[in-house]
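Asks: Here is the input, now give the coordinates:
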Amino acid sequence: MGIFYILQSDKTGRYYVGCTRNLVQRLFDHNQGKTKSLLGHIPLKVVFFKKFGTFIEARRMELKIKSFKSRKIIENIIRDQEIKMGR
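Replies: A predicted model of the protein is given here:
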């Protein structure tokens, strides 16, 4: 199983997109400062997640969403609480 997730910084409002096998542990690690690029953005909270059958599927979704480089798409996913790719 894999989990695609979107985190948001309480401090800056910035979004962070990723995937993991254990969302609770990953969020804990991020908030403990184990991801250097996010040090200035902690604390982080989960604003969206979706489970996939495999980690590879979750990773593909992460790369697809990141390729759009669009805050609006991320905000639409959060607002709708689903990923709509057909629009």
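
Asks: In contact with the closest residue to residue 55 other than its chain neighbours: list those residues for me.
Replies: Nearest non-adjacent residue to residue 55, counting by CB to CB, 6 or more residues apart in numbering: residue 2, 3.5 Å away. The way it works is simple: take the backbone N, C-alpha and C, and place the C-beta from them, glycine included. Applying CB atoms under 8 Å, 6 or more residues apart in numbering, we find residue 2 in contact with 19, 20, 21, 51, 52, 53, 54, 55, 56, 57, 58, 59.

Asks: Please report the distance of residue 2 from residue 52.
Replies: Residue 2 is 5 Å from residue 52, where distance means CB to CB, to the nearest Å.

Asks: which neighbours do the two share?
Replies: Shared contacts of residue 2 and residue 52 (CB under 8 Å, 6+ apart): residue 58.

Asks: Just to check, residue 3 is in contact with residue 27?
Replies: No. Counting by CB atoms under 8 Å, residue 27 is not a contact partner of residue 3; they are 10.6 Å apart.
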